[in-house]
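[1] Predicted model follows, preceded by the sequence.
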Amino acid sequence: MLQRISSLKEYQTTYKNSIEQSENFWSEVADNFLWKKKWEKVFSGGFEKADYKWFEGGKLNITENCIDRHLEKFGNKTAILWEPNNPTEQNRKISYNELHEAVCQFSNALEKLGIKKGDTVCIYMPMIPELAIAMLSCARIGSIHSIVFGGFSAQSIADRIQDAECKWMITADGCYRGDKPLYLKKIVDEALEKCPSIQKSIVLNRSNFDCNMKADRDVWWSDIMKDCSTKHEAATMDSEDPLFILYTSGSTGKPKGVLHTTAGYMVYSTYTFLNVFQYQPEQIYWCTADIGWVTGHSYIVYGPLLNGATTLMYEGIPQFPDWGRWWEVIDKYKVNIFYTAPTAIRSLEAQGLKFLEGKSLESLRVLGTVGEPINEEAWEWYHKNIGKEKCPIVDTWWQTETGGILISSLAGVTPVKPSFATLPFLGVEPLIVDANGKEIKEIIAEGNLCIRKSWPGQARTVYKDHERFIQTYFTTYPGMYFTGDGCKRDYDGNYRITGRVDDVINVSGHRIGTAEVENAINEHLDVYESAVVGFPHFIKGQGIFAFVSCEPQPKDIILFKQEVLNIVAKIIGPFAKPDRIEIVSGLPKTRSGKIMRRILRKIAEGEFDKVGDVTTLLNPEVVEEIKKKVKG
Ligand code: WTA
């Protein structure tokens, strides 16, 4: 049985052991899984070449751990509860037995199409159980899934397909988000025009939308499933075989295909899920994230299923048919553990308490947040109105690259402190460095957050670009993993994450590279250059502020701004559209021509007096002009 930490004292002693005897510790955790062959070496390698490996020599299949091993004990237990977008549509309950059959059958179908171990498969689907079935089937046959969030545009899908060299696509006709139809297949069709590498595109009929099925390429999900057996022998995978690629934004360049491997990710997502949420066998767990982001991978699908939990999947949005929907869903399924993002909490808070009337929420035991810092006010509102002051809140800090939660309290076990992620998870050693890369040893500290040693869930590389992986994460501070986040540490050793210190912004919990938005804006023919920065936004956490200089000057400013928004939506996706666009005569630059984003950030934040000395700029006069525009 996996060790469930049940007191602060136990956390402290286990934590000490997990750092001092790291390999022993993780080996004991890993003993609780189904291995086809046990590993030979718990850990090897290091950060210098980023060649760390976990459980080397082990053979396994993650889906046997997610599904098969539970069947004997509780095959009839519900694995996935699905709530549709439209509350009048029939919901679904899928038991572990049924999930097993579906995954086996779809795995056979994928193999029949010719998909092989090591092939990369792009998935672009709505939040329906078939999305989980598709990803698990990929893992079962040893192919590598690359899921693209349903909010991304055709161009973004095409970029990701090309980068990951996907030969296969899994999608659906479309779905409704609230009362708006989303034609996924059409978006995919546009993407695939640029992707000749795709051999087959599998299409699930979710909504009976018209689909233009391309002969030789497009096949219906139901057709390929037809004659396939519901038994399937899972592929034998090495511990370090790739499990999935997930694209994420950084400071520079195109999004990176972060690669996770099999055994370490499995062990880490299982163990964090159990201990952070203190999951108990009969509980109903709901994470509101989208499976297209890492939170959905680790804490809707893999973590919960690996623990034999019941995981709820919701297809829709929080405000449909009204802002009381989430609370209705919690009461309907008697949800015990609820995990969401601060931006959602703030949106719900802004609606007032009327949507909570008549909702009991008494099944709730644990609340969680993820994706961005939570402000104290939102924390208090969540604690009081949703948790009724009796549910511990776990503020979980982690990243696509970390695979699972690295800093968080353990629900009801270790202390909470509003707006602090609090203490490191077992086996995780955070440290704070100053701008020169020197570790700040004092307990009370503020600086950049790094992690000293590898943990099993850590990403192994950037797909096909290991050099970029090393450059991005391991060279800023040699010998450490650099997170890109700033943080503070209090007297008790609690960590408070203050936000990104690089050119990444966090908009409604969506991670967006400012350079990506700039590149999109620069595609407009009238745009000479642009600079994008974040600014505090009451609901979204951060909003996107775009400063644009034009040549020639646009004749119709309103039309121009609309065109800029359309371009960003087309190249990245609607969620990356700037909240504010200012047309300026020039961008502040250093004598060497570098755009001074720091100055623009201060102006966007409304801190007009804190822009600092501008006399050394190439064009100091623009600063006053920009300030005036923004104030006005
Ligand atoms: C931010 C999401 C404060 C952080 C799981 C990180 C947080 C980025 C928290 C990763 C939190 C995530 N408190 N900030 N509890 N959780 N972040 O890759 O800036 O989409 O670097 O992974 O989100 O975003 P990603």
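    Nice, thanks for sending it over.

[2] Find me the pLDDT at Thr615, would you?
    Per-residue pLDDT puts Thr615 at 88.

[3] Enumerate the residues of the stretch 501-632 of the chain near the ligand.
    Asn506, Arg511 (C-beta under 6 Å from any ligand atom). All C-beta spots, glycine's among them, are computed from the backbone N, C-alpha and C.

[4] Contacts only, for the one residue in the stretch 501-632 of the chain that gets nearest to the ligand.
    Residue nearest to the ligand within the stretch 501-632 of the chain: Arg511 (4.1 Å; C-beta to the nearest ligand atom). Counting by C-beta atoms under 8 Å, 6 or more residues apart in numbering, Arg511 makes contact with Thr248, Ser249, Thr400, Val504, Ile505.

[5] ranking the residues you listed by neighbours, who comes first?
    The most crowded member of the contacts of Arg511, judged by other C-beta atoms under 10 Å, is Ile505 (26 neighbours).

[6] Go ahead and confirm that one touches Ile512.
    Yes: the pair Ile505 / Ile512 is scored as a contact, 5.4 Å apart, by C-beta atoms under 8 Å.

[7] Common neighbours of those two, please.
    Joint contacts of Ile505 and Ile512 (C-beta under 8 Å, 6+ apart) are Ile544.

[8] Please name the residues that touch Asp579.
    Applying C-beta under 8 Å, 6+ apart to Asp579 gives the contacts Phe535, His537, Lys540, Gly543, Ile544, Phe545.

[9] Same list (the residues you listed) but as TSV, adding secondary structure.
    Listed next are the contacts of Asp579 as TSV, based on DSSP: H, G, I helix; E, B strand; the rest coil:
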residue	secondary structure
Phe535	strand
His537	strand
Lys540	coil
Gly543	strand
Ile544	strand
Phe545	strand
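
[10] I figured Arg160 was touching Val258, is that so?
    No: counting by C-beta under 8 Å, Arg160 stays clear of Val258, with 11.8 Å between them.

[11] shared neighbours of the two, which are they?
    Tyr247.

[12] which stretches of the stretch 501-632 of the chain form helices?
    514-521, 557-571, 597-604, 621-631 (DSSP state H, counting those that start in this stretch).

[13] hang on, the earlier thing: now go through the contacts of Arg511 and say which are in strands.
    When DSSP state E defines the strands, the subset of these inside them is Thr248, Val504, Ile505.

[14] so where is this protein shaky, pLDDT-wise?
    Scanning the chain for pLDDT under 70 picks out no residues.

[15] Domain map for it?
    1-66+236-476+486-498, 106-235, 501-631 (automatic domain parsing).

[16] in the longest helix along the chain, what counts as buried?
    If you go by DSSP state H, the chain has its longest helix at helix 96-113. Neighbour counts over helix 96-113 (16 or more other C-beta atoms under 10 Å) mark 96-111 as buried.

[17] Kindly report the same for stretch 568-575.
    Val568, Ala569, Lys570, Ile571, Ile572, Gly573, Phe575.

[18] go on, stretch 127-144?
    Buried residues in stretch 127-144, counting neighbours by 16+ other C-beta under 10 Å, are found at 127-144.

[19] Give me the three-state assignment for the residue of the stretch 1-150 of the chain found nearest the ligand.
    Relative to the ligand, the nearest point of the stretch 1-150 of the chain is Phe149 (10.2 Å; C-beta to the nearest ligand atom). Following three-state DSSP, Phe149 is assigned to coil.
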